[in-house]
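Peer 1: Got a predicted structure plus its sequence, pasted below:
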There are 2 protein chains.
Amino acid sequence: MDAAEFRRRGKEMVDYVADYLENIEKRQVYPDVEPGYLRSLIPEEAPEEAESYEDVVKDIERVIMPGVTHWHSPYFYAYFPTAHSFPAMLADMLCGAIGCIGFSWAASPACTELETVMLDWLGKMLKLPEDFLAGTEGRGGGVIQGTASEATLIALLAARSKIVKLIQADHPDRSETDIISKLVAYSSDQAHSSVERAGLIGGVRMKKMPTDSKFSVRGAALQKVLEEDRAAGLIPFFFCATLGTTPSCAFDCITELGPICNAEKIWMHIDAAYAGSAFICPEFRPLLNGVEFADSFNFNPHKWLLVNFDCSAMWVKKRSDIIGAFKMEPLYLKHDHQESGNQSHWQIPLGRRFRSLKMWFVFRMYGLKGLQAYIRKHVGLAKEFETLVRADQRFEISADVVLGLVCFRFKGSNELNETLLKRINRARKIHLVPCQLAGKFVLRFAVCARTTESRHVQEAWSHISHLASELDASVTSITRRQGAPNTGP
Amino acid sequence: MDAAEFRRRGKEMVDYVADYLENIEKRQVYPDVEPGYLRSLIPEEAPEEAESYEDVVKDIERVIMPGVTHWHSPYFYAYFPTAHSFPAMLADMLCGAIGCIGFSWAASPACTELETVMLDWLGKMLKLPEDFLAGTEGRGGGVIQGTASEATLIALLAARSKIVKLIQADHPDRSETDIISKLVAYSSDQAHSSVERAGLIGGVRMKKMPTDSKFSVRGAALQKVLEEDRAAGLIPFFFCATLGTTPSCAFDCITELGPICNAEKIWMHIDAAYAGSAFICPEFRPLLNGVEFADSFNFNPHKWLLVNFDCSAMWVKKRSDIIGAFKMEPLYLKHDHQESGNQSHWQIPLGRRFRSLKMWFVFRMYGLKGLQAYIRKHVGLAKEFETLVRADQRFEISADVVLGLVCFRFKGSNELNETLLKRINRARKIHLVPCQLAGKFVLRFAVCARTTESRHVQEAWSHISHLASELDASVTSITRRQGAPNTGP
């Protein structure tokens, strides 16, 4: 395919993409296929001879679309959102065309520099403390990671490297492996699975802290475990606080936890993967109070800030902490401007795409006000859904609705709720996933798509409510037949 | 921006991309900017109000392009190539539109399944042993990682987890940290910096093995160090072999190393990041002989197989080894088809884009023959450059030219070669980076761009030769004035 054909095919693809997104709600949100569906639809080997573009493109609807879960359908309410916008897609086209690999300043100065400045822009939108910004003189700054999992891992590894150096400075005879064997990291029992995984990869103990009735880790809980662990000869070194947990969007109490971490020389990392985007709104910014105590902070613009995956923004107060843990400089990466920072020392992969272009396009074409309006619209839709749930006596809300997630359940047994969820997902009209809160099986309704409107939320609720009535009727009839008590309250 | 505007702007962007690529050789391959150039060109903060698309797009040439190193210019000969093709860009547009996050089968069945099948297709193109393929019954299979650095790290962590379990099965009293403190991993002294970094992250010793005159690790060298290390009470557990090293594209002798690793129960991982693409050609496939001894194998289609970054293909013989090391399954990721594999258990990030679409488009639109022709063309161009170098008595070839990389130097001191490279890069006509081989400063000429033709290689050589003559003249005149001997041979 030459440039001339690309002009034609690229424009056709633009139309295909626009058609797909304009009509997405007509597609069934969750696919009907069974595992292994795809293999039989395509050959067992790559073709010897080139096929035409027509051959390939006609297989999109035949092979791919039947197996797609449509994350950008307004009937998708599962997990958390993944961001999606037209400006981000345009920027990604440009990113693909430039196709540079930004592993050093010299490998593409624009790629390194725009990223630094975009992270400063975003940090200012969040009103992050000055310490986290790079500016021209700052010791801190931001980097785009692929995912929050990587950010957590990087923070944990930097903290591990820092504590080892600190202890070895006083005790040069203590080996690194001996120190690491005594380290202990902490996170909420509500923290994302990637936090536990970071501990596993880093080869350190990870303790899950109990949470209060709001699913929040409090200072007293941390204080208690620190005392026990120090008494047992362990070395606490890392706390991963979560703002906006995956199960219920709960917030660890960082105003209590931060001062303890600072006093105890424990690296505090904040994972606000989903909730972070909301902090650009003054009314939600108080949820970030306490960030001044953190060593590193991360959230995913690729979740809720209209910047397509992958774009996970991470800031540190001291770049040197993180660079010191990973820097390697072989000759083939040395260049005249070696002192100019590049973010590949701050991440697991060495290569990196020109991801900051997406941020630049989105921030400019929405403006701060446009982004704030987007967040507020989603929160408003979640509140609307909450109101519908609360108005139905058969249901209960399982956690405070702070942002765009509503955790709710049918009053009654876990089995009943599991059955309800199965019926919801098998009906294929909307798509939800569950969580477990204090031993209860709970349904999560996350406002996800950019195109979700009030009518979709109303429709989703009346669908859920209808399925619940059906379930209720069948349970009542079974229990009546069996003469057993109703599983309801 | 709504879908209607996206249709218009997207088509304009397609034309911009086509224009950029059609005229790329008119742009200066390496930028003139100094570090910090970009910050002063754009505002200090994101705009409050939305800007128009015109405002954004006109800044591409004003702000971005002056700082871009044009990796796809036919005058770019630095590092190794990064792949780029029109079919891959079209597939990426589709990937962005679908915008699913494939962290489980249910999160997007097509994303999980196409990846498995594409890795089988690619494995068959490489004639990988059956063990590495997933098929419908296989225990092995492939996954797309972001980069080779991640693949190496994942392999090392899986090997670490496996050896710990193995030792603990016999000695349940030995702690994980005690075992890890005795582990030792190995790689070539020519291995990529990311291999050393993987050891650092995994918290294990990493020993660099000496190489022979061809910069290749041989079996005897490994055997010797293993004996020493076992005698010292260490536990060898991981060997990262490189096929196509970054400095000189050298090949570790895996037919010797593999049997030793197997006999000693050491996980052999093969990093063929650059060279791997060439193995689709029967004439280069012998370079991969010995892969049958490996536990895991990785190369980057995003380097040399026309699939845009990021697409690093990794295969393992036993999926269970790698999944066992990382699997976490919180309730919000459970679904009806839980037993269906998904690749997010095989990687550091949890989220993943629909990257296999790029492979599918590229493999079909080039066909195996088209891909082979592409590899052969690049190797031919490297051979052409080698011939030019060899014909000039002032120069020498520093390592065997096996694929698309030529390592060469001006006969004389390292300083002279450093000066020559500086002059080449400061002239901005072509772009090269150096390496160090056996204490010598060497210039690397890597055939990189898809559009590089014989005339560009000829032009590059006559430019280098001209700068060398200038340098020679100035050195001769200085040494004559100083009465000192010439730095030449």
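Peer 2: Nice, I can see it.
Peer 1: Roughly how far does A:E228 sit from A:M209?
Peer 2: Noted for A:E228: a distance of 12 Å to A:M209, by CB to CB, to the nearest Å. Glycine gets a C-beta too; all of them are placed from N, C-alpha and C.
Peer 1: and these two? which has more neighbours close in?
Peer 2: A:M209 (21 against 11; other CB atoms under 10 Å in any protein chain shown).
Peer 1: Please name the spatially closest residue to that one (chain neighbours excluded).
Peer 2: Counting by CB to CB, 6 or more residues apart in numbering or on different chains, A:M209 lies nearest to A:V217, which is 4.7 Å off, once chain neighbours are set aside.
Peer 1: For the one you found, grab the count of nearby residues.
Peer 2: Neighbours of A:V217 (other CB under 10 Å): 30.
Peer 1: residue contacts, it?
Peer 2: Counting by CB atoms under 8 Å, 6 or more residues apart in numbering or on different chains, A:V217 touches A:S188, A:M209, A:P210, A:T211, A:A241, A:D252, A:C253, A:L257.
Peer 1: repeat that for 10 Å
Peer 2: Counting by CB atoms under 10 Å, 6 or more residues apart in numbering or on different chains, A:V217 touches A:186-191, A:208-211, A:239-242, A:245, A:250-254, A:256-257.
Peer 1: swap in A:L306?
Peer 2: Neighbouring residues of A:L306 by CB under 10 Å, 6+ apart: A:81, A:83-88, A:277, A:358-359, A:361-363, A:365-366, A:370-371, A:374-375, A:450.
Peer 1: go with 8 Å
Peer 2: Contacts of A:L306 by CB under 8 Å, 6+ apart are A:A83, A:H84, A:S85, A:P87, A:A88, A:V362, A:Y366, A:L371, A:Y374, A:R450.
Peer 1: what's the pLDDT at it?
Peer 2: Note for A:L306: predicted pLDDT of 98.
Peer 1: just the strands in chain A please.
Peer 2: A:141-145, A:183-188, A:205-209, A:235-242, A:267-271, A:296-299, A:312-316, A:395-397, A:405-410, A:433-437, A:440-446 (DSSP state E).
Peer 1: name the helices or strands packed onto the first one?
Peer 2: Going back to what we said before, that points to strand A:141-145. helix A:109-125, strand A:312-316 (3 or more CB pairs under 8 Å, 6 or more residues apart in numbering or on different chains; DSSP states H and E).
Peer 1: Is there proximity between the last one and chain B?
Peer 2: No - counting by CB under 8 Å from any CB of the partner chain, chain B has no neighbours in strand A:312-316; the shortest distance is 8.7 Å.
Peer 1: Now render the strands of chain A as a markdown table, adding mean pLDDT.
Peer 2: A markdown table is the format used below for the strands of chain A (pLDDT from 0 to 100):
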| stretch | mean pLDDT |
| --- | --- |
| strand A:141-145 | 94 |
| strand A:183-188 | 97 |
| strand A:205-209 | 95 |
| strand A:235-242 | 98 |
| strand A:267-271 | 98 |
| strand A:296-299 | 98 |
| strand A:312-316 | 97 |
| strand A:395-397 | 98 |
| strand A:405-410 | 98 |
| strand A:433-437 | 96 |
| strand A:440-446 | 98 |
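Peer 1: For A:L467, which of these is the nearest?
Peer 2: strand A:405-410 (9.8 Å; CB to CB).
Peer 1: Neighbouring strands - and their directions - for that closest one?
Peer 2: strand A:395-397 (antiparallel), strand A:440-446 (antiparallel) (DSSP bridges).
Peer 1: With respect to burial, which of those strands scores highest?
Peer 2: Counting by mean count of other CB atoms under 10 Å in any protein chain shown, strand A:440-446 has the highest mean neighbour count of these, with a mean of 22.
Peer 1: got the CA positions of stretch A:262-277 in PDB?
Peer 2: The C-alpha trace of stretch A:262-277 is given here as PDB (Å, rounded to 0.1, in the frame of the first residue of the first chain):
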ATOM      1  CA  ASN A 262       6.200  11.200  56.400                       C
ATOM      2  CA  ALA A 263       7.100  10.800  60.100                       C
ATOM      3  CA  GLU A 264       8.000   7.100  59.600                       C
ATOM      4  CA  LYS A 265       9.900   7.700  56.400                       C
ATOM      5  CA  ILE A 266       7.500   5.500  54.400                       C
ATOM      6  CA  TRP A 267       7.100   6.300  50.700                       C
ATOM      7  CA  MET A 268       3.400   7.200  50.200                       C
ATOM      8  CA  HIS A 269       2.200   6.500  46.700                       C
ATOM      9  CA  ILE A 270      -1.400   7.600  45.700                       C
ATOM     10  CA  ASP A 271      -3.200   5.500  43.200                       C
ATOM     11  CA  ALA A 272      -6.200   7.500  42.000                       C
ATOM     12  CA  ALA A 273      -6.500   5.700  38.700                       C
ATOM     13  CA  TYR A 274     -10.200   6.400  38.200                       C
ATOM     14  CA  ALA A 275     -11.000   9.200  40.600                       C
ATOM     15  CA  GLY A 276      -8.100  11.400  39.700                       C
ATOM     16  CA  SER A 277      -9.700  13.000  36.700                       C
END
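Peer 1: still on that earlier bit, what's the most buried one of the helices and strands packed on strand A:141-145?
Peer 2: The most buried one of the helices and strands packed on strand A:141-145 (mean count of other CB under 10 Å) is strand A:312-316, showing a mean of 28.
Peer 1: Work out the gap between it and the centre of the chain.
Peer 2: 12 Å (CA atoms, centre = their mean, to the nearest Å).
Peer 1: which helices and strands does it pack with?
Peer 2: helix A:109-125, strand A:141-145, helix A:148-170, strand A:296-299, helix A:301-304.
Peer 1: Skipping adjacent residues, who's closest to A:F395 in space?
Peer 2: A:V389 (4.9 Å).
Peer 1: ok, how many other residues are close to the one you found?
Peer 2: 22.
Peer 1: One more: the one 10 residues further on?
Peer 2: For A:A399, the neighbour count with other CB under 10 Å is 22.
Peer 1: Verify the stated contact: it with A:F251.
Peer 2: No - here A:A399 does not reach A:F251: they are 10.9 Å apart, not a contact under CB atoms under 8 Å.
Peer 1: Pull up the overlap in contacts between those two.
Peer 2: By CB under 8 Å, 6+ apart, A:A399 and A:F251 have these common neighbours: A:K214.
Peer 1: Now tell me what touches stretch A:166-182 from outside.
Peer 2: By CB under 8 Å, 6+ apart, stretch A:166-182 touches A:160, A:163-164, A:203-204, A:233-235, A:265, B:175, B:177-178, B:180-181, B:203.
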